[in-house]
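Q: below is the structure, and that's it, no one-letter string:
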């Protein structure tokens, strides 16, 4: 794909579509409601808009990286973070296994941070666009860890 708008559209469909599909098939439900949660657990309504914004950023960064650094470590780390991101909900909610999900999200945190480091010199914008994602994943890791500790 060399047509930039089509590349961006493809990545938006891939990331947003994948996120929506996974979210629709892995709803929190009664099991999640029954878990003890830490005091810093955000309200449930916050997750959908936060992830929608983050998925848009992830897609934009993926398209930028595909267009300029396709065969780089940054692109491989982008793919890795997407696989780990998409794996977390089925493991946490689908399998109802917060401990296994914690392992996945720790890998996700490393992949996102690694992407920022790997892309920094060649695409500052992509690296900077991943900073809110890194912050959210760090927060989500702490939340996941607290849920494991409390349950």
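A: Structure's in. What do you need? Predicted model only: the values in this text are computed from it and were never measured. Numbering: from 1, shown residues only.

Q: what's the closest non-adjacent residue to the residue most central in space within the chain?
A: The residue lying closest to the centre of the chain (CA atoms, centre = their mean) is residue 85, at 4.2 Å. In this structure, residue 85 finds its nearest non-sequential neighbour in residue 108, 5.8 Å apart by CB to CB, 6 or more residues apart in numbering. Where you see a C-beta, it was placed from the backbone N, CA and C, and this is true even at glycine.

Q: same question for residue 31.
A: Counting by CB to CB, 6+ apart, the residue nearest residue 31 is residue 96, at 5.3 Å.

Q: so the one you found, which of the three states?
A: coil (DSSP: H, G, I helix; E, B strand; the rest coil).

Q: related to what we said a few turns ago, what residues are up against the residue nearest to residue 85?
A: Residue 108 makes contact with 81, 84, 85, 88, 137, 141, according to CB atoms under 8 Å, 6 or more residues apart in numbering.

Q: for residue 7, see how far away the fourth one is.
A: When you say that, I think you mean residue 88. To residue 7, residue 88 is 26 Å away according to CB to CB, to the nearest Å.

Q: for the first one, same thing?
A: Summarising the geometry, the distance separating residue 81 from residue 7, computed by CB to CB, is 18 Å.

Q: neighbour count winner among these two?
A: residue 81 (26 against 16; other CB atoms under 10 Å).

Q: for the helix or strand where that one lies, name the packing helices and strands.
A: Per DSSP states H and E: residue 81 is located in helix 73-89. Applying 3 or more CB pairs under 8 Å, 6 or more residues apart in numbering; DSSP states H and E, one finds that helix 73-89 contacts helix 18-25, helix 47-69, helix 98-120.
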